[in-house]
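K.L.:
fold the following.
(4 chains)
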Amino acid sequence: MLTDTRYQRRKRLALLAILGAAIAWIAFDALLGGSAEWARVISRLPLLLTGSGPAWSIQGGFAFNVLMGMLSMAIATLLGLLMGIALLARNAWLRRGAFMIMNFLRNSPWIVLLFAMLYLLPHRVELFGTTLSFSPFFKAVVGLSLPTAANFAEIIRGAVGSVHSGQWESARSLGYGTAQIYRQVILPQALRRMIPGWMNLYALLMIATALATVTGVQEVVTLLRTTLAMESETALVYFYLTVLLMFFLYCYPIALLARRLENRTKGDAI
Amino acid sequence: MTARNQSLIELDGIRKSFGGNEVLKGISLNVAKGEAVCIIGPSGSGKSTILRCINGLIPIDEGFVRVGKHRVHEIRHERGMRPLRRQVAMVFQQYNLFPHRTALENVMMAPVQVLKHDPGEVRERAIALMAKVRLAGKESSYPGELSGGQQQRVAIARALAMQPEIILFDEVTAALDPETVKDVLTTIRELVEEGMTCLLVTHEMRFAREVADRVCFTDHGLIVESAPPAALFDTPQDPRTREFLSQVL
Amino acid sequence: MFGLDYSWLGDPVYQRWLVDGVWVTLQLALVSSLAAVAIGLVGALGQTLRLWWLDACIELFVEIFRNTPPLLQMLFFYFTLTQIGFTVTDPVTGLQHPLLSAFVSAAISLSLFGGALCIEAFRSGLDAVPKATLEAARSLGYTRLGLFRRVQAPIAARVCLPSLTNILTNLFKTTSQASVITVPELMYAAGQVYSDTFRTLEMMLMVLLVYVTLVSLLAWALTLAERLLAYPGYGKGF
Amino acid sequence: MSPYNALIGGVTATLLLGFAAQAQSDTLADIRERDVLSVGIKNDYPPYGYLDENNEIVGFEIELVRYIANELLGSPDKVELIPVVASNRIELLNSGRIDLIMATLGVTEERAQVIDFTEHYVSAAGASVLARQEARFDQWEQLEGQNVCGIQGAYYNRTLTDHYGIRLVNFTALPEAYRALQDNRCVAMVFDDMTLRQKLGEPGWEGYKIAVEPYEYLPMAGGVRKGDEAFLDAVNAAIVKAEGEDRLIDWEGEYDMPPSDHIAARAEAARAVAE
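P.N.:
Next up, the predicted model:
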């Protein structure tokens, strides 16, 4: 039987070999004139990435997915933090309320929440005399951030709960107050455990931005589907593979990094 | 396969490294049938590794290991280890009971599933063994519901259920509460008195002195001194043994 | 109430559409959950064989399906499989018909997506069984297969259950995306109704409520199963 | 968590969400203040609105939209083109995201209850059926129980399923419906007659025909919010002006549409009113 390190090395080599073969195949097909389909894909790539023609100004496309992901994550982090604090609150009503909202959001499909937000939020509100207009983009961001926030709250709760109860006892016996224990003892440890979960959540959210196609945002899946109206049948597979690859290349490294961090924190005293 | 001498366990010049760290630097040891041998020594001196080399859990780098008629160092496959494992049982520091089975099932599992013995007969044996380790009435408890000392005694019963010729005890009391240590030691003492061949790694010096026929002191991967307990504890020959004993006694 | 108008719910046509939709949603969820667990078992077992090339292939499969949008996977399976030859030829007309209906495409795509998540969960469950417990089993003379079957798998199964609950509820929620490839499940039915009545908000709120109820019931049932199967004396993931 | 808890949570959340308010205002004043007109258009629907080779949105309706923007705000570029689909355009209008629908909107009674229509600038045949040359049906009734590709949110969907018993396979986007038809997922495809006839002219569609003729003709018009009189009048004035200048006939030619009696008649009428 192979030793563990040699096994892992061989496995990694095999993975690289498969990826290498795939890249070589694409390169042969696209650059050496193997097929006209890749040429079609390349001519549409600016549109799919930025939503604009050759001008490269950002009007949609995958750039929108990235932007939506980041904005939603920012909002979700803030909302999730509030919800997480409420989940840990001493007031039973507050805790129960937060728990119910969290479960409601966690148990609803993302696509349905997105739809609901689209029709629920007004498109324009008058506030202090100025008109704020809520674009579908903004609504999609809100719709995506809600379930993300609920998931983040659960991550916070899990991370805080995973700190051994012995630490509570020892900190209390040293004369710390509750708030102090959270700040000085629990959070520094919980935070380390939260980060991988937070990153995984971001990758999950990024993947979910594809759903914004149902709200009419000109993100990459919407543009893909529109573009395919003008393309020949044979190019279909190539276009889908290209967009799948965009998501994979963006999300996989994040997931990989998250897992590495996770393995590192696993050694923490639990 | 012939034995080079009449002992039941024979170790000769065993070397073992983990990464670049040489843990065993030429261990030689003979244990006769019915003998109880205790291995003592500072942490990290390779005591537990010796036990794991005897039942083949860890392959050795160099040397000769024989248990009964099995030449352990020549066995290359897990499959080949099975007859050996039937002969040699092992009890661990962390009990390592199977958490998904009750105490009685833990005792019965291997005889039924590995040795293919008749379940009815094994069951009788297992109940008797539970009584022997003074755990009658705890048969249907899950490991998670038992105290450390109780779990360890179930582990001993589990080892005995295999009807082994040799039992290896790996610091079996190290993780236990002081008040439960006594019960476990009593159980082991009874086994020794019944003539079971036992090899014990332990930190319980008083116990070693009471039950062992011979005590080996290991340090830095070598057996420094080996003698009957009275001799080793009262008139240690090697300065390292003296220093160790002055610290622990 | 609140200016919401639910009078259209009285229309028997809409009622039929919605009830049929829920039924299709349940079927899709059941089929893909079973297949996902099966794929997860096969994949996780494949990884325990410790064949580096097989392991690499399984890992690639898992990472691809975990890191791309299920919606896009569904569109891909629905539209491109016929393109690369998944068709049957009608003997009478000589026309090429798609081998896979929208429902089957969605079921396959959801199964693979859920299967990838299951492989990952089952593997980490197997990894979570303490090395010392396995050592004890080895010292009792278990073979590799016996050790896996009698000790490692039963313990791992209980460790996996919470993440399996997560995966299956997630999969149930993801079935709603099949509406995009015309699988007539609940979301699709809802779309049909509101494009007729223009009562979009009312429809979406109702759909939301139906999904939350169904998913909560599923989560509750699975949690109950977790509790029944737990062995006494050990907390979650012991 | 118990299902009881989840239900209570769900009901509460639903009720809370139900409070959403909607804005209502004078659109004409509003767009002059913003100096831009937001219009819901199609971008996947030749010849009315589609993406050209440069990824720009062009088409018959787009020309009309730009003409109206020029009339109302003084420049054809003071317009925000928002791609919509059949299933969301009315919602987008009524919640204020767009000011005007110019997206192949057929005039129907149901829609008239929730929005106001502008002048009927085009009269299009209603839905017809596209199928392979070999198809043997030519009546709507013959399609009963058959799988027919369609589009979600089309006004005729309920008539087709309820009255003719057709099993519609409805897509959200047109290209996907065409693809499904070519993949033989459906025996035929139902959509606006004009669009389907245009499709027949494209390469790759030689093996297809219009198998079933429309069962009705339907005028198409712009859509505005109900009761938005000033804005409606302004848009109507712009449309009539364009008609009087024969601009719609020009665009017909420009986008390869078959000459329509309706547009010619309206041009005559517009000039008659003007004189």
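K.L.:
excluding its backbone neighbours, what's nearest residue 244?
P.N.:
Using chain A here. The shortest distance from A:L244 to any non-neighbouring residue, by C-beta to C-beta, 6 or more residues apart in numbering or on different chains, is to C:T68 (4.9 Å). C-beta: built from backbone N, CA, C; applies to glycine.
K.L.:
oops, wrong one, chain D.
P.N.:
Leaving aside its chain neighbours, D:G244 sits nearest to D:A270 (3.8 Å; criterion: C-beta to C-beta, 6+ apart).
K.L.:
and for A:E231?
P.N.:
A:R40 (6.0 Å).
K.L.:
then B:I167?
P.N.:
Counting by C-beta to C-beta, 6+ apart, B:A89 is the residue found nearest to B:I167 once chain neighbours are left out, at 4.9 Å.
K.L.:
average pLDDT for stretch A:167-175?
P.N.:
pLDDT averaged over stretch A:167-175 equals 70, rounded to a whole number.
K.L.:
returning to that earlier point: assign the residue nearest to D:G244 to helix, strand or coil.
P.N.:
Of the three states, D:A270 takes helix under DSSP: H, G, I helix; E, B strand; the rest coil.
K.L.:
I figured it hits D:V240, correct?
P.N.:
Yes. Using C-beta atoms under 8 Å as the test, D:A270 is close enough to D:V240 to be in contact (4.9 Å).
K.L.:
hmm, back to that, list phi and psi for the residue nearest to B:I167.
P.N.:
Dihedral angles of B:A89 (phi, psi; degrees, to the nearest 10) stand at phi -100, psi 160.
K.L.:
wait, what's in contact with it?
P.N.:
Shown in contact with B:A89 (C-beta atoms under 8 Å, 6 or more residues apart in numbering or on different chains): B:159-160, B:162, B:164, B:166-168, C:139-140.
K.L.:
go on, C:Q192?
P.N.:
Remark: with contacts taken as C-beta under 8 Å, 6+ apart, C:Q192 is in contact with C:17, D:152, D:157, D:170.
K.L.:
now the one helix or strand it maps to, how far from the chain's geometric center?
P.N.:
Assessed by DSSP states H and E, C:Q192 sits inside helix C:186-197. Centroid separation for helix C:186-197 versus its chain: 24 Å, with C-alpha atoms, centre = their mean, to the nearest Å.
K.L.:
buried ones in that helix?
P.N.:
Taking 16 or more other C-beta atoms under 10 Å in any protein chain shown as the basis for neighbour counts, the residues of helix C:186-197 that come out buried are C:186-197.
K.L.:
mind putting those in JSON lines, distance to C:F113 included?
P.N.:
Putting these into JSON lines (distance: C-beta to C-beta, whole Å) gives the following:
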{"residue": "C:L186", "distance to C:F113": "19"}
{"residue": "C:M187", "distance to C:F113": "17"}
{"residue": "C:Y188", "distance to C:F113": "19"}
{"residue": "C:A189", "distance to C:F113": "23"}
{"residue": "C:A190", "distance to C:F113": "22"}
{"residue": "C:G191", "distance to C:F113": "22"}
{"residue": "C:Q192", "distance to C:F113": "26"}
{"residue": "C:V193", "distance to C:F113": "28"}
{"residue": "C:Y194", "distance to C:F113": "27"}
{"residue": "C:S195", "distance to C:F113": "28"}
{"residue": "C:D196", "distance to C:F113": "32"}
{"residue": "C:T197", "distance to C:F113": "33"}
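K.L.:
so which elements touch the longest helix seen in chain C?
P.N.:
Secondary structure assigned by DSSP state H gives helix C:12-48 as the longest helix of chain C. With contacts defined as 3 or more C-beta pairs under 8 Å, 6 or more residues apart in numbering or on different chains; DSSP states H and E, helix C:12-48 has these neighbours: helix C:52-66, helix C:102-128, helix C:153-174, helix C:186-197, helix C:200-229.
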